[in-house]
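# build me a model:
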Amino acid sequence: MIPNTETLTPDQRERQQTASYRHDAALFSEGLRRMRRRAGLTQAAVAARLRRPTSFVGKYENGYRRLDVIEFLKVAAAIGFDPAEFLATVLEHHRDAA
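Predicted structure coming up:
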């Protein structure tokens with residue numbers, strides 16, 4: 001049962017928001033991994049296209065690193081997917097979960 005947020009302490013509210021953020025970030029990372037695999041690319045191939053080390057791709061796919069907007073657009077171009085469609089799907093899943 002989800003507690004009424006009005007009765008949560010500030011600390012409890014922060015923990016709940018943090019858990020929600022982590023879940024959303026994990027879905028985003030998993031989506032990027034899925035798009036790469038659909039394109040038939042390895043992490044090394046994407047990294048080469050980005051001119052970054054392979055660890056860069058592994059870190060954002062595993063949630064250890066966040067991408068800023070410009071990096072996300074470059075990743076989308078390197079993999080070959082439409083970033084607007086990807087974000088629309090992420091938003092749809094986020095709304096369904098809320």
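# drop to CA atoms for contacts and neighbour counts, all remaining ones
Will do.
# quick one, what contacts the most centrally placed residue in the chain?
The centroid of the chain falls nearest to Phe28 when counting by CA atoms, centre = their mean (2.3 Å). Counting by CA atoms under 8 Å, 6 or more residues apart in numbering, Phe28 touches Val90.
# now stretch 78-96: buried residues?
Ala78, Ile79, Phe81, Phe86, Val90 (16 or more other CA atoms under 10 Å).
# and the gap between the last one and Val69?
Okay, so that is Val90. 14 Å (CA to CA, to the nearest Å).
# pLDDT weak spots in the protein?
Applying pLDDT under 70 to the chain flags the ranges 1-6, 8, 10-17, 20-21, 97-98.
# packing partners of the helix or strand containing Phe86?
Assigning secondary structure by DSSP states H and E places Phe86 in helix 83-97. If you count contacts as 3 or more CA pairs under 8 Å, 6 or more residues apart in numbering; DSSP states H and E, helix 83-97 packs onto helix 10-38, helix 69-79.
# any idea how far it is from the chain center?
11 Å (CA atoms, centre = their mean, to the nearest Å).
# for the closest residue to Arg66 other than its chain neighbours, list the residues it contacts.
In this structure, Arg66 finds its nearest non-sequential neighbour in Tyr60, 5.9 Å apart by CA to CA, 6 or more residues apart in numbering. Residues near Tyr60 by CA under 8 Å, 6+ apart: Ser29, Arg66, Leu67.
# about what we covered before: His94: which of the helices and strands packed on helix 83-97 is closest?
helix 10-38 (7.2 Å; CA to CA).
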